[in-house]
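how would this look folded up:
(2 chains)
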Number of protein chains: 2
Amino acid sequence: MVAEHRAIGRLLQRREVENTGAYLERLSDRSVARSMRQLNRRDLVEVFDLLAPVRREEVFRLVQDSVRIELLKGLPTERSETLFASLDPDDRAWICHRVPDSLSETLLAALDRGARELTLLLMQYGPRSTGRVMSPHVLAVRAAQSVDTALELVRSQGEQVETVYMLPVVGDAGVVLGVVSLRRLMVSDPRTAVGDLMTAPAVVMRTDQDQEDAALSFRDARLIAAPVVDADGRLAGVLTVDDAMRILEEANAEDAARGSGSARLRRSYPATSVLDLVRSRVGWLLVLIVAATLTVNVLDYFEETLAQVVVLALFVPLLIGTGGNVGAQSATTVVRAMAVGDVGPGDFVRVLLREVGTGLLLGLILAAVGFFPATFFADRSIAIVVCLSLIAICVLASGVGSTTPMIARRIGIDPAVVSAPFISTIVDATGLVVYFLVARAVLGLG
Amino acid sequence: MVAEHRAIGRLLQRREVENTGAYLERLSDRSVARSMRQLNRRDLVEVFDLLAPVRREEVFRLVQDSVRIELLKGLPTERSETLFASLDPDDRAWICHRVPDSLSETLLAALDRGARELTLLLMQYGPRSTGRVMSPHVLAVRAAQSVDTALELVRSQGEQVETVYMLPVVGDAGVVLGVVSLRRLMVSDPRTAVGDLMTAPAVVMRTDQDQEDAALSFRDARLIAAPVVDADGRLAGVLTVDDAMRILEEANAEDAARGSGSARLRRSYPATSVLDLVRSRVGWLLVLIVAATLTVNVLDYFEETLAQVVVLALFVPLLIGTGGNVGAQSATTVVRAMAVGDVGPGDFVRVLLREVGTGLLLGLILAAVGFFPATFFADRSIAIVVCLSLIAICVLASGVGSTTPMIARRIGIDPAVVSAPFISTIVDATGLVVYFLVARAVLGLG
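Sure thing, here's the model as predicted:
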């Protein structure tokens, strides 16, 4: 897979236009779409131009969202408009919020009226709402209809709707009463009323619900589609499993990036320039380095102690490194437990106690293992200082690591943002204070 | 959601058996299943006993795999056997590999012959293979059959198979020729031959293929089901989207845990004891602390320099912290790019150059921003040492951070294992060497 984009890149670099075209012809639509992930914008447009015209729409349908956006920006306006019009309304809405206003206005203006209205309708929902990603093309049946009638509806309208495998059953004013699967309809007596076969929907999503919440409950219930309703319980659309997977994938990519203190890349790694890589990372690094000046302050304060017993400096990286690791472990566990709903705001004290207990045990184990080796580098009293500090730092780190994400959520910050690197920095500074206070006490310094 | 397990826990603690039973009756099967995630084994068995007997099988079907295992271990043998028999064969195989041999033998022996053979068949596939998680209950059609005949098959056998929404089309000896969706069948003329409607499968999985690979290609292709074939291309089963989501979720949980140097928890966080939390974390901490003694060695080696210029110690946590952060950013980006197939073994040099360039730019920015503040704590020459070291450490950290995961994969180690904490430890030690060498050179020390 990786090889294909390299072959394309090489051919383009050598300006072997004909060979590139011939090479593309041998690849399936899916392979072309996949290799386009890794090309930069100029190569992207060039490859797209070299594709046989009949293939373009399908390849455009198969490429990643970010590649679509690059193509829409790079291609001549008229062609962008045609491609844009070929997309589903939810994909169009998605794109409109991610391209410059001038481009989205041009693209929307070129749509026919019905398509434009549908796109604008979806765009009204909040940027992270379920309404934004659902499909409004939903086929509903009524409880009083027979199975036969419902199947006839699927036959006649099946091609225009997002899915036919889960059908919402609606009552007056479009209120969702239940759902029925196509499988259930197929295996039942054609004369049965749909109302007798329907079940309560395992999950009902609301248009204003957070996308990630919706996707998570979707996954837990192992669904392939679920109805989305408005504030009055009326059917507004349908969310399908591929949308849910896309949402979870985006959320994961974002969490992974945030967990290491960088912004998510918009394009694939090979298609991102070094300047964009720098841009995605420099913000957090600056915040963290400013926070890290706290450690310089702490050490400055204890400089005299350090001058008296230089050997104390030897263990600084080991102690703060361990504190950072313990803190990251706690934070990761708790962020994850919150994400899957196993831990809520009411569990604050319980989580803190568990983590402090865990930190204490970990500290005792590490101190017991580390005491003897520490005596190689310093005398017994220094080893005692290091081991006592290690225990205190482990307790501190697991306490801070576990509670910071919970506090972050309570004050409305994404817990993933304040994870590992942020916690390390707090634990570094406080851990050093502990270390030097212990040292002063044990060594009897001023 | 979180509140329900707490209510149940409280009621059980007060030994209010009747109230617990009444409370459970008011909850839906799904809510009961969900709250069971958070209970410990004793409470789990008790809650399960308090459920109305007719609900037990459905609740058992809805609970998490790890909860099922706890229940099978905790319930009387005879009841475990009945519950085990009620599961799908792929779920049974999954469980058999995760419980002690004695229990899996008992459970398998109690199955009827057909069910046992099917379970044993699935258990033959490798532990991370697609064969292990696919369902063998697949409905196939033949190219020569008419749409009408195919729909009749769905009607008569639809309830016994894993899915009816994607039907593999097979030729002689069961070789997969293509797939056809139920939707396509429904909207087509009943007299058409299935062969005229089928398309090449977007993804064909092999029984011996890695589960995570299969699930990823599944997600990229936005499928709800795909055929799984054996080495000869013959239909062996079907993988559905809920299995793919479960695989990706497990892989994510594992990567998140590994990224912070701990093992994945088998049960939910609230159901995990402090001792198990310690167990999941202590191994990596010990490895990391042993590795961190390298920093003690380095500082020991430069102790004389440190004694001459104590103020150098002030910047040690800031420098190694920044190195760790830059390394973690590079590692996370590259691990992710490898996971989605954007970066392969052939990209080693290209990735290294990009990351070194990124590190250099980041280092220059941080040094430029940091120079003036550094002069508050030390004189100008020390500030020069700190800033030069910062640049070198950023280059070093992004180089190490980006290449270590690639090297790990090449020698067959999961890249997620060697991410952030591991890289920090390497960068800490080498960063300190750089710092003191720069200091000696700039300050003209011995």
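
is the helix or strand hosting A:T295 anywhere near chain B?
Assessed by DSSP states H and E, A:T295 sits inside helix A:274-301. Yes - using C-beta under 8 Å from any C-beta of the partner chain, helix A:274-301 comes into contact with chain B via A:274-275, A:277-278, A:281-282, A:284-286, A:288-289, A:292-293, A:295-296, A:299-300. Yep, even glycine has a C-beta here, placed from its N, CA and C like the rest.

Could you list the buried residues of that helix?
Going by neighbour count (16 or more other C-beta atoms under 10 Å in any protein chain shown), the buried part of helix A:274-301 is A:274, A:277-282, A:284-285, A:288-289, A:291-296, A:298-300.

How about the contacts made by A:E58?
For A:E58, the contact set (C-beta atoms under 8 Å, 6 or more residues apart in numbering or on different chains) comprises A:D29.

Chain B versus that one, what's the distance?
According to C-beta to the nearest C-beta, to the nearest Å, A:E58 and chain B sit 12 Å apart.

Next, that residue: secondary structure please.
helix (DSSP: H, G, I helix; E, B strand; the rest coil).

So for it, what's the pLDDT?
The score at A:E58 is 88. That number is its pLDDT.

Now do the same contact list for the closest residue to A:V311 other than its chain neighbours.
Once flanking residues are discounted, A:V311 sits nearest to A:A378: 4.8 Å by C-beta to C-beta, 6 or more residues apart in numbering or on different chains. A:A378 sits next to A:V311, A:L314, A:F315, A:V386 when contact means C-beta under 8 Å, 6+ apart.

Please settle this for me: is the second one part of a helix?
Yes - counting by three-state DSSP, A:L314 is part of a helix.

residue contacts, it?
Applying C-beta under 8 Å, 6+ apart to A:L314 gives the contacts A:F377, A:A378, B:V296, B:L299, B:D300, B:E303.

Closest to B:R15 out of those residues?
Nearest to B:R15 among the contacts of A:L314: B:V296, at 53.9 Å, using C-beta to C-beta.

give the contact list for the closest one.
Per C-beta under 8 Å, 6+ apart, neighbours of B:V296: A:L314, A:F315, A:P317, A:L318, A:F377.

Tell me how far the second one lies from A:V442.
For A:F315, the distance to A:V442 under the criterion C-beta to C-beta, to the nearest Å works out to 13 Å.

Tell me which of the two has more neighbours.
Set side by side, A:F315 and A:V442 show more neighbours around A:F315, with 27 against 15, by other C-beta atoms under 10 Å in any protein chain shown.

where's the more buried one relative to A:V438, distance?
Taken as C-beta to C-beta, the span from A:F315 to A:V438 is 11 Å.

Determine the residues that are contacts of both of those two.
A:S389.

how about the nearest residue to the most centrally placed residue in chain A, chain neighbours excluded?
Compute the mean C-alpha point of chain A, and by C-alpha atoms, centre = their mean the closest residue is A:A251, 1.3 Å away. Using C-beta to C-beta, 6+ apart and skipping the chain neighbours, the partner closest in space to A:A251 is A:E212 (5.0 Å).

same thing with A:A291?
Counting by C-beta to C-beta, 6+ apart, A:T425 is the residue found nearest to A:A291 once chain neighbours are left out, at 4.4 Å.

And A:A367, by the same measure?
A:A367's closest residue in space is A:C387 (C-beta to C-beta, 6+ apart), at 3.9 Å.
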